[in-house]
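>>> sequence-free structure coming up:
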Ligand SMILES: Cc1cc2nc3c(=O)[nH]c(=O)nc-3n(C[C@H](O)[C@H](O)[C@H](O)COP(=O)(O)OP(=O)(O)OC[C@H]3O[C@@H](n4cnc5c(N)ncnc54)[C@H](O)[C@@H]3O)c2cc1C
């Protein structure tokens with residue numbers, strides 16, 4: 001007998017919102033979520049900039065663009081319905097030289113095609129909106145907002161459970177066996193039998209695909225991003241999210257100043273290849289070992305000298 005009709009792997013924002021949507025569409029079906037960590041939003045979802053993006057960056061007619069535009073409205077509606085605080089603070093993408101200004105104008109044209117509410121500001125208008133930010137031009141995106149995605153996930157867990165679903169923590173999916181009319185999802189201590197499986201495993205998605213004996217058609221290149229928090233006494237220095245003009249050759253939005261929903265301001269994220277970070281950790285370890293070895297050797301020599309003198 002099936003444990004559930006739909007089993008979702010991963011209690012990040014994607015897994016939980018998928019499970020919640022399934023419950024809305026199929027109220028008679030049993031929806032379960034399995035998560036390897038002890039609580040929801042443990043990985044990427046709980047460590048992002050907390051921005052509800054307005055969709056200015058993505059190519060028109062792409063799924064990303066469609067999801068981002070509809071997602072902007074859907075997240076705000078969800079927060080409104082369930083009393084989750086969000087702030088429509090708006091965002092400024094700031095150009096500091098003429099090349100960036102040209103890229104900014106292209107972004108503005110794309111945003112206008114998508115019917116996104118924007119305004120191009122000159123230096124003077126930028127100074128009026130943000131006295132502490134210097135640039136030659138800026139794109140103002142009023143629909144960008146901020147939220148705490150962990151709170152959204154907590155609410156989703158609560159809702160899924162209230163609607164007879166289950167969110168099971170501390171269960172790592174280790175193997176998957178697909179049969180004609182069900183899927184066996186094997187964790188260390190338990191096996192779950194589901195009608196359908198939806199994998200929302202974030203950066204581990206390729207591993208989950210491999211569990212089915214299929215070589216994934218994509219590969220995940222992990223990057224580590226660090227944020228710094230500005231001292232609280234400077235929390236009133238900016239009024240909007242402040243972004244640079246993205247470098248079209250890089251898949252990142254650039255280091256930005258983010259107003260967080262708790263009032264703090266962060267700077268980040270950096271982007272370091274995980275392989276490089278690991279290499280740096282190894283190099284530090286080697287240096288530490290070398291240092292300990294030299295210190296120990298010096299101590300032993302010192303001890304032997306003293307011993308001989310006596
Ligand atoms: C630096 C940075 C900043 C960002 N800022 C923003 C932002 O401001 N706004 C925005 O909208 N987006 C932002 N994003 C993107 C956004 O954070 C991600 O797209 C989103 O969080 C992905 O959610 P997810 O559910 O797919 O993944 P995750 O949150 O990583 O969830 C996947 C879950 O699957 C679980 N899992 C994996 N394997 C298994 C297994 N075998 N068994 C059981 N469980 C498993 C993991 O433990 C994890 O909890 C940012 C991304 C980055 C990198």
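Yes, it's here. For clarity, every value in this text was computed on a predicted model and none was experimentally measured.
>>> In terms of pLDDT, where does residue 201 sit?
Confidence at residue 201, expressed as pLDDT, is 97.
>>> quick one: contacts for it?
9-10, 15, 173, 207-208 (C-beta atoms under 8 Å, 6 or more residues apart in numbering). Placement of C-beta: from N, CA and C, glycine included.
>>> repeat that for 7 Å
Residue 201 makes contact with 9-10, 208, according to C-beta atoms under 7 Å, 6 or more residues apart in numbering.
>>> List buried members of these by neighbour count.
The neighbour count (16 or more other C-beta atoms under 10 Å) marks 9-10, 208 as buried among these.
>>> Would you map the strands across the stretch 151-300 of the chain?
Ranges of strands within the stretch 151-300 of the chain are 166-168, 173-178, 183-187, 191-199, 223-224, 228-229, 241-244, 256-259, 265-268, 272-273, based on DSSP state E, counting those that start in this stretch.
>>> And the second one, what does it pack against?
Translated: strand 173-178. Contact here means 3 or more C-beta pairs under 7 Å, 6 or more residues apart in numbering; DSSP states H and E; on that basis strand 173-178 packs against strand 183-187, helix 205-211.
>>> Also the fifth one?
Secondary-structure packing of strand 223-224 (3+ C-beta pairs under 7 Å, 6+ apart): strand 272-273, helix 274-309.
>>> Nearest to the ligand among the buried ones among the contacts of residue 201?
residue 10 (2.8 Å; C-beta to the nearest ligand atom).
>>> Report the contact partners of the residue nearest to the closest one when sequence neighbours are not counted.
Setting aside the residues directly before and after it, residue 10 is nearest to residue 200 in space (C-beta to C-beta, 6 or more residues apart in numbering), at 4.0 Å. Counting by C-beta under 7 Å, 6+ apart, residue 200 touches 8-10, 12, 14-15, 18.
>>> Now the terminal residues of stretch 215-226, how far apart.
Terminal residues of stretch 215-226 are spaced 31 Å apart (C-alpha to C-alpha, to the nearest Å).
>>> Check the average confidence over that stretch, would you?
84.
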